[in-house]
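**Q** Predicted coordinates and the sequence they were generated for:
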Amino acid sequence: MSKRLIPLLILAVGIAGFMILKMTRPEPAEVSATERSWRVQVQEIEPGTHTPVLPLYGEVLAPEQLTVTATLAGRIGTRPVTEGQRVKEGELLVALDDADIQPALAQAEAQVKDLEAQIRSEQVRYRNDQTALASEQAILENARRQLERTRSLVNRNLASREALEAATDAAARAELTVNARQLAIEEHPARLQSLQAKLAQAEANLLSTRRDAERARMTAPFDGMVTDIRVAEGDQVSRNEPLLSLYPVDGLELRARVPEMFRNELLDALQRGETLIATSAGDQHRFQLARFAGTSDPSGTEAILELQGDPRGIRPGGLMPVTLERAARSNTVSIPFSALYGADSVYLVSSDGRMQRARIERIGEARGSNGERRLLVSGEALVSGAQLITTHLPNAVTGLKVDVADSGVASQ
């Protein structure tokens, strides 16, 4: 066999083998296209009345905090309290040294006695002036008669000019004395009024000094907590210098800023007489919304919440997150946040097992039965018995087929 026929023979054998394999191959099974479904969890909707809540973050304040100041200048005699100590009403807080109080009190008393003595002296002087005026007027009359006699004698050349001048001077001096005495008598009411005014001022100063001396022993006006101590025993202090502070333990408030979108709703609830309660984490502390601050800014208005019950460790100046219960809303549904798409949409399961988009109105947050945060919504599509999809799908769209994994429970 020629060597040139061998390649052709191999090629023919290969082609024949390929044709045999092709004819004897099995027929592939027909594949039909099936639509994919997404497994989701759902919640059965049951509209009802729910209480929306508003998370707030505020500062604890003591609006009735009292700053104790020194009523007189002096040295601190005793200060039996310490920082953070709870005291009872009437308990001593701080006292000035008596050695610094008595001199000021004695000086004020001496000033009153001195002015009382000056008034008595003025009254005696006035009576003496009245008595002396009568005598001086008689002397003036005598001097005038003497002057007339001397003038008559001079005209008849029976007396010298020197005698006339002497008589004239005597009459003038007598008249000057009477005028001075009359002026002193006329000035008596003004002098007396001035002394009486000074006496009234001194008596007021005495009363003020006695009051300050009594307050130099400063006691607690109410049951409270001592804070901000600035002095120790032996310190020299000036008048009106702050010494320490005291606040009532049952008068604490929480001030938290409320967004403007919620302010009118809360104000209306307060005007209706509703009680709105805010609680801290774990319900350790309860606050009642009492009022709003008188001013606001673009970020909101401060709500003032009064502490209810024992403060249990909270202190003014501390920051505290609370959850405020708003007015109850009817025909609402509590849903998990995972069910929300965008700002105002959720998906329901249609009768043919597909996703159906529904618009809702966000009312606010709510708390579930186990305390978790949930979203409170309302909407026309949220009817009783409808199934809300709570599994968040990134490719969610109306018409997407779903497979319900868990029928869920009624709305919480």
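**A** Noted; the coordinates are in hand.
**Q** Can I get stretch 121-129 in PDB, CA atoms only?
**A** Taking Å, rounded to 0.1, in the frame of the first residue of the first chain, the C-alpha atoms of stretch 121-129 are listed here in PDB:
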ATOM      1  CA  SER A 121     -30.900 117.200 122.200                       C
ATOM      2  CA  GLU A 122     -32.600 119.100 119.400                       C
ATOM      3  CA  GLN A 123     -35.900 119.100 121.200                       C
ATOM      4  CA  VAL A 124     -34.200 120.500 124.400                       C
ATOM      5  CA  ARG A 125     -32.500 123.200 122.300                       C
ATOM      6  CA  TYR A 126     -35.800 124.100 120.700                       C
ATOM      7  CA  ARG A 127     -37.500 124.600 124.100                       C
ATOM      8  CA  ASN A 128     -34.500 126.700 125.300                       C
ATOM      9  CA  ASP A 129     -34.600 128.800 122.100                       C
END
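**Q** what comes into contact with that stretch?
**A** Contacts to stretch 121-129, defined as CB atoms under 8 Å, 6 or more residues apart in numbering, come from residues 181, 184-185, 188, 191-192, 195. Where you see a C-beta, it was placed from the backbone N, CA and C, and this is true even at glycine.
**Q** Now intersect those with the helices, please.
**A** If you go by DSSP state H, the contacts of stretch 121-129 have 181, 184-185, 188, 191-192, 195 in helices.
**Q** ok, back up a step: now the contacts of stretch 121-129: which count as buried?
**A** Buried subset of the contacts of stretch 121-129 (neighbour count, 16 or more other CB atoms under 10 Å): 181, 184, 188, 195.
**Q** what's the closest of the ones in helices among the contacts of stretch 121-129 to T49?
**A** L195 (79.5 Å; CB to CB).
**Q** which ones are touching the closest one?
**A** Here L195 is in contact with 115, 118-119, 122 (CB under 8 Å, 6+ apart).
**Q** Need the three-state assignment for the closest residue to A358 other than its chain neighbours.
**A** Using CB to CB, 6 or more residues apart in numbering and skipping residues adjacent in sequence, the residue nearest A358 is A381, 3.7 Å away. Secondary structure, DSSP: H, G, I helix; E, B strand; the rest coil: A381 is coil.
**Q** Repeat that for A134.
**A** helix.
**Q** How many residues are close by it?
**A** Summarising burial for A134: neighbours were counted as other CB atoms under 10 Å, giving 10.
**Q** ditto for S37
**A** For S37, using other CB under 10 Å, the count is 13.
**Q** Could you report the distance from it to P7?
**A** Relative to P7, S37 is positioned 58 Å away (criterion: CB to CB, to the nearest Å).
**Q** and if you look at E116?
**A** Counting by CB to CB, the gap between E116 and P7 amounts to 153 Å.
**Q** who's more crowded, these two?
**A** In this view E116 and P7 are compared by other CB under 10 Å, and E116 has more residues nearby, 14 against 9.
**Q** Just confirm the more buried one contacts L199, I think it does.
**A** Yes. Using CB atoms under 8 Å, E116 makes contact with L199 at a distance of 6.4 Å.
**Q** mind checking how far the longest strand along the chain is from the chain centre?
**A** With residue count as the measure and DSSP state E as the assignment, the chain has strand 286-297 as its longest strand. On the basis of CA atoms, centre = their mean, to the nearest Å, strand 286-297 is displaced by 9 Å from the centre of the chain it belongs to.
**Q** buried residues in that strand?
**A** Within strand 286-297, the residues that count as buried by 16+ other CB under 10 Å are 287, 289, 292.
**Q** What of stretch 75-82?
**A** Going by neighbour count (16+ other CB under 10 Å), the buried part of stretch 75-82 is 76-77, 79, 81.
**Q** which two from the residues you listed end up farthest apart in space?
**A** Longest distance between any two of these is 13.8 Å, between G77 and V81; criterion CB to CB.
**Q** overlap in contacts of these two?
**A** Common neighbours of G77 and V81 are not found (criterion: CB under 8 Å, 6+ apart).
**Q** Could you grab the helix/strand/coil label for the most centrally placed residue in the chain?
**A** Here the mean C-alpha position of the chain is nearest to the C-alpha of P63 (CA atoms, centre = their mean), at a distance of 5.5 Å. Remark: P63 carries the secondary structure label coil [criterion: three-state DSSP].
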